[in-house]
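*Asks:* please work out how this folds:
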Amino acid sequence: MSMTGKSVLITGASKGIGAAAARVLAAAGANVALVARSGEAIAALADEIGPRAIAIPCDVSRFADMAAAVETCEAAFGALDVLINNAGVIAPIAPLAEADPEAWGHTIDVNLKGVFNGMRAVLPGMIARGAGTILTVSSGAAHNPLEGWSAYCTSKAGAAMLTRSADLEAREAGVRVMGLSPGTVATDMQREIKASGVNPVSRLDWSEHIPPDWPAKALLWMCGPEADAFAGQEISLRDPAMRARVGLA
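*Replies:* Residues are numbered from 1 along each chain as shown. As a prediction, the model looks like this:
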(Lines give C-alpha, C1' and ligand atoms only; values in the text may rest on other atoms or scores of the structure.)
Protein backbone atom coordinates (compact mmCIF):
# COMPACT_ATOMS: atom_id res chain seq x y z
CA MET A 1 0.00 0.00 0.00
CA SER A 2 1.65 3.22 -1.17
CA MET A 3 0.83 6.37 0.79
CA THR A 4 2.96 8.67 -1.34
CA GLY A 5 1.54 12.17 -1.33
CA LYS A 6 -0.97 11.36 1.45
CA SER A 7 -1.00 13.14 4.80
CA VAL A 8 -1.80 11.37 8.07
CA LEU A 9 -2.35 12.78 11.56
CA ILE A 10 -1.72 10.31 14.40
CA THR A 11 -2.70 11.02 18.00
CA GLY A 12 -0.80 9.38 20.84
CA ALA A 13 2.21 9.23 18.52
CA SER A 14 4.91 9.47 21.19
CA LYS A 15 5.14 5.72 21.83
CA GLY A 16 3.52 2.32 21.38
CA ILE A 17 1.10 1.78 18.52
CA GLY A 18 1.14 5.48 17.59
CA ALA A 19 4.91 5.65 17.14
CA ALA A 20 4.95 2.34 15.26
CA ALA A 21 2.17 3.58 12.97
CA ALA A 22 4.13 6.77 12.26
CA ARG A 23 7.17 4.75 11.18
CA VAL A 24 5.16 2.31 9.05
CA LEU A 25 3.11 5.00 7.30
CA ALA A 26 6.13 7.21 6.68
CA ALA A 27 7.96 4.20 5.22
CA ALA A 28 4.99 3.80 2.87
CA GLY A 29 5.48 7.37 1.67
CA ALA A 30 3.04 9.32 3.83
CA ASN A 31 3.57 12.71 5.40
CA VAL A 32 2.89 12.20 9.09
CA ALA A 33 1.80 14.71 11.74
CA LEU A 34 2.75 13.38 15.17
CA VAL A 35 0.40 14.53 17.93
CA ALA A 36 0.92 13.92 21.66
CA ARG A 37 1.30 15.80 24.93
CA SER A 38 4.96 14.79 25.12
CA GLY A 39 6.51 17.33 22.78
CA GLU A 40 10.03 16.08 23.38
CA ALA A 41 9.19 12.49 22.44
CA ILE A 42 7.38 13.35 19.22
CA ALA A 43 10.10 15.83 18.24
CA ALA A 44 12.68 13.04 18.57
CA LEU A 45 10.50 10.71 16.48
CA ALA A 46 10.01 13.39 13.83
CA ASP A 47 13.78 13.85 13.65
CA GLU A 48 14.16 10.08 13.23
CA ILE A 49 11.59 9.89 10.43
CA GLY A 50 12.86 12.96 8.59
CA PRO A 51 11.31 15.82 6.59
CA ARG A 52 8.00 14.06 5.98
CA ALA A 53 7.19 14.22 9.72
CA ILE A 54 6.20 17.12 11.95
CA ALA A 55 5.66 17.13 15.71
CA ILE A 56 2.61 18.93 17.11
CA PRO A 57 2.32 19.03 20.93
CA CYS A 58 -1.38 18.72 21.70
CA ASP A 59 -3.84 17.71 24.41
CA VAL A 60 -6.47 15.69 22.53
CA SER A 61 -8.98 16.24 25.32
CA ARG A 62 -9.16 19.92 24.31
CA PHE A 63 -11.00 20.60 21.06
CA ALA A 64 -9.13 23.84 20.44
CA ASP A 65 -5.84 21.92 20.60
CA MET A 66 -7.05 19.31 18.10
CA ALA A 67 -8.45 21.91 15.72
CA ALA A 68 -5.13 23.77 15.83
CA ALA A 69 -3.22 20.52 15.23
CA VAL A 70 -5.28 19.81 12.11
CA GLU A 71 -4.67 23.35 10.86
CA THR A 72 -0.93 22.97 11.43
CA CYS A 73 -0.90 19.63 9.60
CA GLU A 74 -2.79 21.05 6.62
CA ALA A 75 -0.54 24.12 6.48
CA ALA A 76 2.47 21.80 6.27
CA PHE A 77 1.16 19.04 4.01
CA GLY A 78 -2.10 20.16 2.42
CA ALA A 79 -5.48 18.52 2.89
CA LEU A 80 -5.52 15.83 5.58
CA ASP A 81 -6.22 12.38 4.13
CA VAL A 82 -6.18 10.16 7.24
CA LEU A 83 -6.83 10.68 10.94
CA ILE A 84 -5.72 7.92 13.30
CA ASN A 85 -7.35 8.29 16.73
CA ASN A 86 -4.87 6.33 18.82
CA ALA A 87 -4.31 8.34 22.02
CA GLY A 88 -5.47 6.43 25.08
CA VAL A 89 -4.84 5.86 28.76
CA ILE A 90 -5.72 2.93 31.05
CA ALA A 91 -5.57 4.49 34.53
CA PRO A 92 -7.27 4.43 36.95
CA ILE A 93 -7.22 0.67 37.35
CA ALA A 94 -9.44 0.41 40.41
CA PRO A 95 -12.85 -0.84 41.54
CA LEU A 96 -15.69 1.58 40.86
CA ALA A 97 -16.26 1.99 44.58
CA GLU A 98 -12.67 3.18 45.04
CA ALA A 99 -11.79 4.93 41.75
CA ASP A 100 -10.60 8.52 41.96
CA PRO A 101 -13.29 10.63 40.23
CA GLU A 102 -10.78 13.06 38.70
CA ALA A 103 -8.66 10.26 37.24
CA TRP A 104 -11.78 8.45 36.00
CA GLY A 105 -12.97 11.59 34.25
CA HIS A 106 -9.54 12.17 32.71
CA THR A 107 -9.73 8.76 30.99
CA ILE A 108 -13.09 9.72 29.49
CA ASP A 109 -11.61 13.05 28.37
CA VAL A 110 -8.70 11.39 26.54
CA ASN A 111 -10.17 8.11 25.28
CA LEU A 112 -13.66 9.31 24.35
CA LYS A 113 -13.70 13.09 24.07
CA GLY A 114 -10.31 12.91 22.35
CA VAL A 115 -11.81 10.73 19.62
CA PHE A 116 -14.77 13.08 19.24
CA ASN A 117 -12.47 16.10 19.11
CA GLY A 118 -10.39 14.51 16.35
CA MET A 119 -13.46 13.56 14.33
CA ARG A 120 -15.05 16.97 14.82
CA ALA A 121 -11.87 18.71 13.70
CA VAL A 122 -11.44 16.75 10.45
CA LEU A 123 -14.94 15.82 9.32
CA PRO A 124 -16.02 19.19 7.88
CA GLY A 125 -13.02 19.28 5.55
CA MET A 126 -13.28 15.62 4.59
CA ILE A 127 -17.00 15.91 3.88
CA ALA A 128 -16.45 19.05 1.79
CA ARG A 129 -13.74 17.29 -0.24
CA GLY A 130 -15.72 14.06 -0.52
CA ALA A 131 -12.78 11.99 0.67
CA GLY A 132 -10.91 10.99 3.81
CA THR A 133 -10.31 8.14 6.24
CA ILE A 134 -10.79 8.08 10.00
CA LEU A 135 -9.36 5.11 11.90
CA THR A 136 -9.88 4.68 15.64
CA VAL A 137 -7.88 2.25 17.75
CA SER A 138 -10.44 0.31 19.76
CA SER A 139 -10.17 -2.59 22.19
CA GLY A 140 -11.88 -5.79 23.23
CA ALA A 141 -12.67 -3.77 26.37
CA ALA A 142 -15.19 -1.82 24.28
CA HIS A 143 -17.42 -4.89 24.29
CA ASN A 144 -16.56 -6.77 27.49
CA PRO A 145 -16.37 -5.41 31.05
CA LEU A 146 -13.19 -6.13 32.99
CA GLU A 147 -12.64 -5.77 36.71
CA GLY A 148 -10.98 -2.48 37.60
CA TRP A 149 -11.28 -1.09 34.08
CA SER A 150 -14.63 0.72 34.26
CA ALA A 151 -13.22 3.98 32.86
CA TYR A 152 -11.28 2.27 30.06
CA CYS A 153 -14.13 -0.07 29.06
CA THR A 154 -16.69 2.74 29.13
CA SER A 155 -14.52 5.11 27.12
CA LYS A 156 -13.66 2.50 24.50
CA ALA A 157 -17.32 1.47 24.18
CA GLY A 158 -18.20 5.11 23.57
CA ALA A 159 -15.43 5.49 21.00
CA ALA A 160 -16.70 2.40 19.17
CA MET A 161 -20.15 3.99 18.97
CA LEU A 162 -18.60 7.23 17.70
CA THR A 163 -17.04 5.21 14.89
CA ARG A 164 -20.43 3.82 13.91
CA SER A 165 -22.06 7.24 14.20
CA ALA A 166 -19.43 8.94 12.04
CA ASP A 167 -19.76 6.22 9.41
CA LEU A 168 -23.54 6.60 9.37
CA GLU A 169 -23.30 10.36 8.89
CA ALA A 170 -20.30 10.65 6.55
CA ARG A 171 -20.13 7.52 4.39
CA GLU A 172 -22.37 8.93 1.66
CA ALA A 173 -20.07 11.95 1.48
CA GLY A 174 -17.14 9.67 0.67
CA VAL A 175 -15.53 9.46 4.11
CA ARG A 176 -14.31 6.05 5.30
CA VAL A 177 -14.59 5.43 9.07
CA MET A 178 -13.66 2.21 10.87
CA GLY A 179 -12.06 0.84 14.03
CA LEU A 180 -9.18 -1.49 14.82
CA SER A 181 -9.22 -3.80 17.83
CA PRO A 182 -5.61 -5.01 18.05
CA GLY A 183 -5.82 -7.33 21.03
CA THR A 184 -3.11 -7.09 23.67
CA VAL A 185 0.00 -5.30 22.43
CA ALA A 186 3.49 -5.21 23.93
CA THR A 187 3.52 -1.52 24.96
CA ASP A 188 3.99 0.56 28.10
CA MET A 189 0.25 0.29 28.74
CA GLN A 190 0.62 -3.47 29.12
CA ARG A 191 3.41 -2.91 31.66
CA GLU A 192 1.02 -0.70 33.63
CA ILE A 193 -1.67 -3.38 33.41
CA LYS A 194 0.82 -6.07 34.47
CA ALA A 195 1.90 -4.04 37.50
CA SER A 196 -1.71 -3.61 38.66
CA GLY A 197 -2.28 -7.35 39.12
CA VAL A 198 -5.99 -6.72 38.46
CA ASN A 199 -8.11 -9.04 36.22
CA PRO A 200 -6.85 -11.81 33.91
CA VAL A 201 -5.17 -9.48 31.40
CA SER A 202 -2.54 -8.54 34.00
CA ARG A 203 -1.61 -12.19 34.34
CA LEU A 204 -0.88 -12.80 30.66
CA ASP A 205 2.67 -13.78 29.82
CA TRP A 206 4.53 -11.08 27.89
CA SER A 207 5.01 -13.50 24.98
CA GLU A 208 1.24 -13.52 24.43
CA HIS A 209 1.19 -9.84 23.40
CA ILE A 210 1.62 -8.91 19.74
CA PRO A 211 4.32 -6.40 18.69
CA PRO A 212 3.22 -2.78 18.05
CA ASP A 213 4.14 -2.98 14.37
CA TRP A 214 1.30 -5.47 13.78
CA PRO A 215 -1.50 -2.97 14.48
CA ALA A 216 0.61 -0.34 12.70
CA LYS A 217 0.68 -2.48 9.55
CA ALA A 218 -3.05 -3.15 9.95
CA LEU A 219 -3.70 0.61 10.07
CA LEU A 220 -1.73 1.03 6.85
CA TRP A 221 -3.80 -1.72 5.22
CA MET A 222 -6.99 -0.02 6.41
CA CYS A 223 -6.00 3.12 4.50
CA GLY A 224 -6.38 1.21 1.23
CA PRO A 225 -9.42 0.09 -0.80
CA GLU A 226 -9.08 -3.52 0.39
CA ALA A 227 -10.60 -2.39 3.69
CA ASP A 228 -13.62 -0.66 2.16
CA ALA A 229 -15.87 -3.60 3.03
CA PHE A 230 -15.27 -2.89 6.73
CA ALA A 231 -16.58 0.70 6.73
CA GLY A 232 -18.36 1.41 10.00
CA GLN A 233 -17.04 -1.82 11.52
CA GLU A 234 -14.27 -2.86 13.86
CA ILE A 235 -11.48 -5.06 12.53
CA SER A 236 -10.10 -7.46 15.14
CA LEU A 237 -6.54 -8.75 14.99
CA ARG A 238 -7.56 -11.55 17.35
CA ASP A 239 -9.11 -13.22 14.29
CA PRO A 240 -6.47 -15.36 12.51
CA ALA A 241 -8.31 -14.95 9.21
CA MET A 242 -8.16 -11.18 9.54
CA ARG A 243 -4.45 -11.31 10.38
CA ALA A 244 -3.89 -13.32 7.21
CA ARG A 245 -5.98 -10.89 5.19
CA VAL A 246 -3.94 -7.95 6.49
CA GLY A 247 -0.71 -9.85 5.77
CA LEU A 248 0.50 -10.47 9.30
CA ALA A 249 2.41 -13.64 10.19
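*Asks:* from here on, contacts and neighbour counts on C-alpha atoms
*Replies:* Noted.
*Asks:* mind listing what's buried in the helix or strand that contains Ala103?
*Replies:* According to DSSP states H and E, Ala103 maps onto helix 101-108. Residues Trp104, His106, Thr107, Ile108 are the ones in helix 101-108 that count as buried (16 or more other Cα atoms under 10 Å).
*Asks:* which helices and strands does it pack with?
*Replies:* On a contact count with 3 or more Cα pairs under 8 Å, 6 or more residues apart in numbering; DSSP states H and E, helix 101-108 meets helix 150-170.
*Asks:* determine how far the helix it packs on lies from the middle of the whole chain.
*Replies:* 12 Å (Cα atoms, centre = their mean, to the nearest Å).
*Asks:* what's the spacing between stretch 216-230 and its chain's center?
*Replies:* So, by Cα atoms, centre = their mean, the centroid of stretch 216-230 is 14 Å from its chain's centroid.
*Asks:* what's the worst-scoring helix or strand of the chain on mean pLDDT packed up against?
*Replies:* None of the helices or strands of the chain scores lower by mean pLDDT, DSSP states H and E than helix 188-196, at a mean of 90. With contacts defined as 3+ Cα pairs under 8 Å, 6+ apart, helix 188-196 has no helix or strand neighbours.
*Asks:* residues making contact with that helix?
*Replies:* Outside helix 188-196, the residues that touch it by Cα atoms under 8 Å, 6 or more residues apart in numbering are Gly16, Val89, Ile90, Ile93, Thr184, Val201, Ser202, Arg203, Leu204.
*Asks:* helix or strand next in line after that helix, which one?
*Replies:* helix 213-222.
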